[in-house]
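Enquirer: how would this look folded up:
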Amino acid sequence: MIVDSPDPSRCMEMLDDDHVAKILGIYKQRYNVLSLDPRISHITIFKNHGLDAGASLQHPHSQLIATAAIPSQVRHRLYEA
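Expert: Now for the predicted structure:
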């Protein structure tokens with residue numbers, strides 16, 4: 001989980017450019033580390049905001065999920081491409 005800001009009212013659009021660059025740097029750093037693990041076949045980063053979006057935290061945040069299998073939806077989209 002990557003929290004954008006400790007202030008729950010500050011969504012990414014309200015953050016300054018340097019702060020957003022740090023968040024994107026964290027995405028990249030975690031993605032790069034996980035991609036070195038031979039057990040990992042697929043990495044997904046997605047954004048959550050608020051409890052209405054199914055998030056467990058009210059603070060704006062993202063989640064990074066690494067799995068050993070490529071989800072069927074992704075496999076199908078890659079095949080179609």
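Enquirer: and the closest residue to Ser35 other than its chain neighbours, bridged to which residues?
Expert: Excluding its sequence neighbours, the residue lying closest to Ser35 (Cβ to Cβ, 6 or more residues apart in numbering) is Ile43, at 6.5 Å. Quick note: C-beta positions are derived from backbone N, CA and C, even for glycine. Assessed by DSSP bridges, Ile43 has beta-bridge partners Ala66.
Enquirer: okay but Ile43 is in contact with Leu64, surely?
Expert: Yes: if you go by Cβ atoms under 8 Å, Ile43 and Leu64 touch, sitting 6.7 Å apart.
Enquirer: any shared contact partners between those two?
Expert: Tyr31, Leu34 (Cβ atoms under 8 Å, 6 or more residues apart in numbering).
Enquirer: Extract the CA atoms of stretch 11-25 and return them as PDB.
Expert: C-alpha atoms of stretch 11-25 as PDB (Å, rounded to 0.1, in the frame of the first residue of the first chain):
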ATOM      1  CA  CYS A  11      -6.100  13.700  -3.300                       C
ATOM      2  CA  MET A  12      -3.200  13.300  -5.800                       C
ATOM      3  CA  GLU A  13      -4.500  16.200  -7.900                       C
ATOM      4  CA  MET A  14      -4.000  18.500  -5.000                       C
ATOM      5  CA  LEU A  15      -0.400  17.600  -4.300                       C
ATOM      6  CA  ASP A  16       2.500  19.600  -5.500                       C
ATOM      7  CA  ASP A  17       4.600  18.200  -8.400                       C
ATOM      8  CA  ASP A  18       7.500  17.100  -6.200                       C
ATOM      9  CA  HIS A  19       5.200  15.100  -4.000                       C
ATOM     10  CA  VAL A  20       3.600  13.400  -7.000                       C
ATOM     11  CA  ALA A  21       7.100  12.700  -8.400                       C
ATOM     12  CA  LYS A  22       8.000  11.000  -5.100                       C
ATOM     13  CA  ILE A  23       4.900   8.800  -5.200                       C
ATOM     14  CA  LEU A  24       5.600   7.800  -8.800                       C
ATOM     15  CA  GLY A  25       9.200   7.100  -7.800                       C
END
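Enquirer: isn't there a helix covering His76?
Expert: Yes: under DSSP: H, G, I helix; E, B strand; the rest coil, His76 falls within a helix.
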